[in-house]
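*Asks:* Take a look and give me a structure for this.
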Amino acid sequence: MIKPFSTEKLSTIRQELVEMIGRIVGTAEDYATDIPGLILYRFTAPTAAASVTYEPNLAVVVQGRKRVDLGPKTFIYDASQYLLTSVDLPVLGQVVEASEEKPYLCLVLKLEMLMVREMLSRDDIPDSYASSDGPAMLMGDNTAELLGACSRLLDLLDSPHDIPFLSGLIQREIVYRLLRGPEGARLRAIAMQGCQSNRTAKAIAWIRANYMKPLRVEELAQLAGMGLSTFHHHFKALTTLSPLQFQKGVRLHIARNRMLIDGLDAASAAFEVGYESASQFNREYSRYFGQPPKRDIQNLRSTV
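*Replies:* Numbering: from 1, shown residues only. Okay, here's the model as predicted:
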């Protein structure tokens, strides 16, 4: 039997990652590496809540703390846990612990579902033993095995000629580590063709691609190949939201970014994302983000 890594080993690897990410990123806030799908982040102060879409990925914080709000559910994770996202989800993300002395440091690795499905076809990948009936975003405990694989992936940046061959192998090890744990049940369910989670994910993708269009839940259920009540159950289990709430969240997140980044006024942003009434947009925006559009955007700009 292989002896598990000790707590001391886990701490050592985490500190190595702190030094590596700090050295690679330098003074930048984000750094897209030469390894496809791998981005590093560094912040020296807490940030305002930003509207973002989390794609299927693994986020590993090695220093600092972050908060992510998915509808009514909140995830707060630090160097002891990772965040796993298995479908595209609109969220509010906010760094809540960071300083000049101890900046927030994080690596985010995009998960390729084709790779996950390929690995699941192997006989030597163990079945996940936890229920897969849960949200498509969850936290799991960092282990020395997982962090060690992340460290070896970052090591490749010092030998770029090895990236084409070795990065895929190490990413497969990372996916293997995720699938071995209880949190891997969700990733397994999403990746498997034909299962209810996978079919619900197709409906989620449709909403994201067609957020301006009127939403007919019956047609979404047909797309997912489920009865209406079954579809509602699985959609809410996966996203914590109903289909209509999910579409509203997608619209509001996109409108917020259009106002913040592109300078649109509230009415223009509302109509661009599919609202027919600017007053309805203002009401829903205020409930979702806690304040009217104009004041929210002013506050966000004041924190930049």
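
*Asks:* can you map out the helices along the stretch 101-250 of the chain?
*Replies:* 113-120, 144-155, 163-180, 184-191, 196-209, 217-224, 228-239, 243-262 (DSSP state H, counting those that start in this stretch).

*Asks:* who's in contact with residue 120?
*Replies:* 179, 188, 191-192 (Cβ atoms under 8 Å, 6 or more residues apart in numbering). C-betas here are computed from N, CA, C, even on glycine.

*Asks:* any low-confidence regions in this structure?
*Replies:* 1-6, 123-133, 193-194, 304 (pLDDT under 70).

*Asks:* Report the central residue of it.
*Replies:* residue 54 (3.5 Å; Cα atoms, centre = their mean).

*Asks:* Just give the closest residue to that one, not the sequence neighbours.
*Replies:* residue 85 (4.4 Å; Cβ to Cβ, 6 or more residues apart in numbering).

*Asks:* Any of the contacts of residue 120 buried? List them.
*Replies:* Listed as buried from the contacts of residue 120 are 179, 188, 191-192; burial here means 16 or more other Cβ atoms under 10 Å.

*Asks:* Closest to residue 223 out of these?
*Replies:* Nearest to residue 223 among the buried ones among the contacts of residue 120 is residue 192, at 17.8 Å by Cβ to Cβ.

*Asks:* farthest pair in the buried ones among the contacts of residue 120?
*Replies:* 179 and 192 (11.6 Å).

*Asks:* Please report the distance of the residue nearest to residue 54 from residue 70.
*Replies:* 9 Å (Cβ to Cβ, to the nearest Å).

*Asks:* if we can go back for a sec, now tabulate the buried ones among the contacts of residue 120 in a markdown table and tack on distance to residue 149.
*Replies:* Formatted as a markdown table, the buried ones among the contacts of residue 120 follow (distance: Cβ to Cβ, whole Å):
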| residue | distance to residue 149 |
| --- | --- |
| 179 | 13 |
| 188 | 19 |
| 191 | 19 |
| 192 | 23 |
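
*Asks:* Out of these, which comes closest to residue 155?
*Replies:* Closest approach to residue 155 among these (Cβ to Cβ): residue 179, at 22.9 Å.

*Asks:* quick one, what contacts the closest residue in space to residue 139 that isn't next to it in sequence?
*Replies:* Leaving out its chain neighbours, the residue that sits closest to residue 139 by Cβ to Cβ, 6+ apart is residue 81, at 4.6 Å. Residue 81 sits next to 61, 139-142 when contact means Cβ under 8 Å, 6+ apart.
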